[in-house]
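1. model this:
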Amino acid sequence: MSMEILHEDNGQKGRFYIIENHVKEAEMTYTWTGTDRIIIDHTEVNETLKGKGAGKQMVLKAVDFAREKKIHVIPLCPFAKSVFDRLPEIRDVL
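-> Predicted structure coming up:
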């Protein structure tokens, strides 16, 4: 299922999120630590998107962001950590 994942970043904190029908259905937040590292601290997916890969897609979007910015990711959030554990091909940003 293809979902549009939006991104906001204020230089200290940021989030990847999904809006459907004007409702925030999923969100993954992160905090900058220094200038070269983000900590993914929370992932939340509403019931409407559970089991549809929304959380994984947000993690993959964070990986794309990290690669583009040449930064590292610390997956403090248990869900994000589980995605990194399952997908060795994204561990280059750790």
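2. quick check, distance from the longest helix along the chain to the centre of its chain.
-> Longest helix in the chain by number of residues (criterion: DSSP state H): helix 54-69. Computed by C-alpha atoms, centre = their mean, to the nearest Å, the chain-centroid distance of helix 54-69 equals 5 Å.
3. Could you do stretch 20-37 as well?
-> Averaging C-alpha positions (C-alpha atoms, centre = their mean) puts stretch 20-37 6 Å from its chain's average.
4. CA atoms of it as CSV?
-> Taking C-alpha atoms only, stretch 20-37 is exported to CSV below (Å, rounded to 0.1, in the frame of the first residue of the first chain):
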residue,chain,number,x,y,z
GLU,A,20,-5.5,10.5,5.5
ASN,A,21,-8.9,12.2,5.2
HIS,A,22,-7.5,15.2,7.2
VAL,A,23,-6.6,13.0,10.2
LYS,A,24,-3.1,12.2,11.4
GLU,A,25,-3.1,8.4,11.2
ALA,A,26,0.6,7.6,11.9
GLU,A,27,3.6,9.5,13.3
MET,A,28,7.2,8.7,14.1
THR,A,29,9.1,11.4,16.0
TYR,A,30,12.8,12.0,16.4
THR,A,31,15.2,14.3,18.2
TRP,A,32,18.5,15.7,16.9
THR,A,33,21.6,14.9,19.0
GLY,A,34,24.4,17.1,17.7
THR,A,35,24.5,17.8,14.0
ASP,A,36,25.0,14.3,12.6
ARG,A,37,22.6,12.1,14.5
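5. Mind listing residues that contact it?
-> 3, 11-19, 38-46, 48-49, 54-55, 58-59, 62, 70-74, 77, 80 (C-beta atoms under 8 Å, 6 or more residues apart in numbering). For glycine as for every other residue, the C-beta is placed from the backbone atoms N, C-alpha and C.
6. Thank you, goodbye.
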